[in-house]
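Peer 1: Next come a sequence and a model predicted from it.
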Amino acid sequence: EDLENLSESLCDSRRRCVAFEDEELRARAEATARTLELTEEAQRFHNAGGDLERLGAEELRLAEELRAESQARLKLGETLEAELLVMASERRRLQEWEQLEVSEASL
């Protein structure tokens, strides 16, 4: 009977040991899975940071392009304004000339 009790005690100890090992393996597997999730999440954040950096650079490039285009339009507007002033001056001179001709014709 002592041998039987010892054998059963040994079997219980083995079962507890196996259960403990199973629990330890399960905990390690969960920890490994969580570590993998965190690593993937960290990689996504890293990639998002790179994306934000690229977007910032693109935004800066577009702002510079817009500034250059605005300056070109401003210069074009100034040129057109100068040309319109010249045309208005020429029109006044032409009108004065025509009026002078009309005045001379009526004399």
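Peer 2: Yes, it's here.
Peer 1: contacts, neighbours, all on C-alpha from now
Peer 2: Fine.
Peer 1: Quick one: distance of the helix or strand Thr39 falls within to the chain centre.
Peer 2: Assigned by DSSP states H and E, Thr39 falls within helix 2-106. Computed by C-alpha atoms, centre = their mean, to the nearest Å, the separation of helix 2-106 from the middle of its chain amounts to 0 Å.
Peer 1: Mean confidence (pLDDT) on it, please.
Peer 2: If you average the pLDDT over helix 2-106, you get 88.
Peer 1: Roughly how far does the residue positioned nearest the centre of the chain sit from Leu62?
Peer 2: Centrality entry for the chain: nearest residue to the mean C-alpha point is Leu55, 3.0 Å, by C-alpha atoms, centre = their mean. According to C-alpha to C-alpha, to the nearest Å, Leu55 and Leu62 sit 10 Å apart.
Peer 1: same question, Arg16
Peer 2: Counting by C-alpha to C-alpha - Arg16 and Leu62 are separated by 67 Å.
Peer 1: what do you get for Leu85?
Peer 2: 34 Å.
Peer 1: ditto for Glu78
Peer 2: Where Leu62 is concerned, Glu78 sits at a distance of 24 Å (C-alpha to C-alpha).
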